[in-house]
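# the sequence isn't on hand, but the structure is:
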Ligand SMILES: [Zn+2]
């Protein structure tokens, strides 16, 4: 089914994992095939730590204002082409400061890039598990300056199995003082305890969180706290949480009435679009278009925008969804 025009909301998407390989090869004057090999996972990827090495090359170019603007604009265009009507793109400013940019300059460059395209996009600022506490506070304070100017929330990313979620309690206490919503990558490379810590800290959303299905009590805890899961199926296959797509917990999560949203995580690293991800869900798990619509409405409800903006976005979404259904086969 051609779902490129099916309206989509995407909440979990990393800028540095979604850089066009052609852009990296042009800027670094490298062979495109070699660059693709460095940036896209293959079957030799064993786990999240392996997966994260795919960000090394794109990060070498994302150290200047111009390249950040260019890559952000390109990603916004890619999202538009994929039928996205609202996205929250995330990135870790500290990873772009190697050549002297300040965190503020990094954030401003990304804002400039996405603003060049006619599509609704907001930004989530990632703290990193493997950097110093001092650097993470620096990032939070930089991010706070752009709240209501595209920045809508925070996240914690990086090697979850090595740097435990429970170590970051104080950082999220600090963010909570400002009443800014946040999501945390949890229950991806690590288990139930990581999800529990994230919810206790006050996360409204969990990045991945698929290991929730290991514990019925946690399922109840997540529901009681109205937690939304940013599920990224293909990425989970790449990091070997599941051997095959059909083993993924997505259907069980949906049937357990958890709040589920569908995302790509990293369009380049996982070599996937949301259109392709929806098709996999429909073909492998028998999800209906109505199910996918429901997940998009869940995504709107869990987005980090104001209640009025959510209502407007919902109306826009339903209009576009009805138009898609009405056009049927003509959506090609
Ligand atoms: Zn992620």
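That came through fine. It should be emphasised that the depicted structure is a prediction, and the values quoted were computed from it without experimental measurement.
# could you use CA atoms for every contact and neighbour count after this?
OK.
# show me what the lowest-mean-pLDDT helix or strand in the chain is packed against.
Every helix and strand of the chain was ranked by mean pLDDT, DSSP states H and E. The lowest is helix 48-52, at a mean of 84. Using 3 or more C-alpha pairs under 8 Å, 6 or more residues apart in numbering; DSSP states H and E, no helix or strand is in contact with helix 48-52.
# output the contacting helices and strands for the following helix or strand past it.
Where DSSP states H and E defines the elements, the next helix or strand beyond helix 48-52 is helix 56-61. Applying 3+ C-alpha pairs under 8 Å, 6+ apart, we find helix 56-61 packed against helix 21-28, helix 32-39.
# take those and write them to TSV, including mean pLDDT.
Converted to TSV, the helices and strands packed on helix 56-61 look like this (pLDDT from 0 to 100):
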stretch	mean pLDDT
helix 21-28	97
helix 32-39	94
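# any chance of those in TSV, with distance to residue 91 too?
TSV is the format used below for those (distance: least, C-alpha to C-alpha, whole Å):
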stretch	distance to residue 91
helix 21-28	17
helix 32-39	17
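# make TSV out of the ones you listed and add distance to residue 297 and mean neighbour count.
Converted to TSV, those look like this (distance: least, C-alpha to C-alpha, whole Å; neighbours: other C-alpha atoms under 10 Å):
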stretch	distance to residue 297	mean neighbour count
helix 21-28	32	17
helix 32-39	32	17
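# can you get me a residue count around residue 243?
By other C-alpha atoms under 10 Å, the residues close to residue 243 number 12.
# I'd like the numbering to begin with 785 instead of 1 from here.
With the count now opening at 785, the last piece we talked about shows up as residue 1027.
# grab the nearest non-local neighbour of it.
The shortest distance from residue 1027 to any non-neighbouring residue, by C-alpha to C-alpha, 6 or more residues apart in numbering, is to residue 1021 (6.3 Å).
# in this protein, which spans are strands?
792-798, 868-875, 904-912, 935-941, 967-970, 989-992, 1012-1015, 1043-1046 (DSSP state E).
# want to throw those strands into a markdown table with mean neighbour count?
Output for those, formatted as a markdown table (neighbours: other C-alpha atoms under 10 Å):
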| stretch | mean neighbour count |
| --- | --- |
| strand 792-798 | 26 |
| strand 868-875 | 23 |
| strand 904-912 | 24 |
| strand 935-941 | 24 |
| strand 967-970 | 28 |
| strand 989-992 | 27 |
| strand 1012-1015 | 27 |
| strand 1043-1046 | 26 |
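# mean pLDDT for the ones you listed - can I get that in CSV?
Shown next, in CSV, are those (pLDDT from 0 to 100):
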stretch, mean pLDDT
strand 792-798, 98
strand 868-875, 98
strand 904-912, 98
strand 935-941, 97
strand 967-970, 96
strand 989-992, 96
strand 1012-1015, 98
strand 1043-1046, 98
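# contact partners for the closest residue to residue 864 other than its chain neighbours?
In space, not counting the residues next to it along the chain, residue 864 is nearest to residue 903; the distance is 6.7 Å by C-alpha to C-alpha, 6+ apart. By C-alpha atoms under 8 Å, 6 or more residues apart in numbering, residue 903 lies in contact with 860, 864, 869, 870.
# among the residues you listed, which one sits closest to residue 914?
Proximity of the contacts of residue 903 to residue 914, judged by C-alpha to C-alpha, is greatest for residue 860, which lies at 28.0 Å.
# quick one on the thing from earlier: residue 796: which of the contacts of residue 903 is nearest?
Nearest to residue 796 among the contacts of residue 903, with distances taken as C-alpha to C-alpha, is residue 870, at 11.4 Å.
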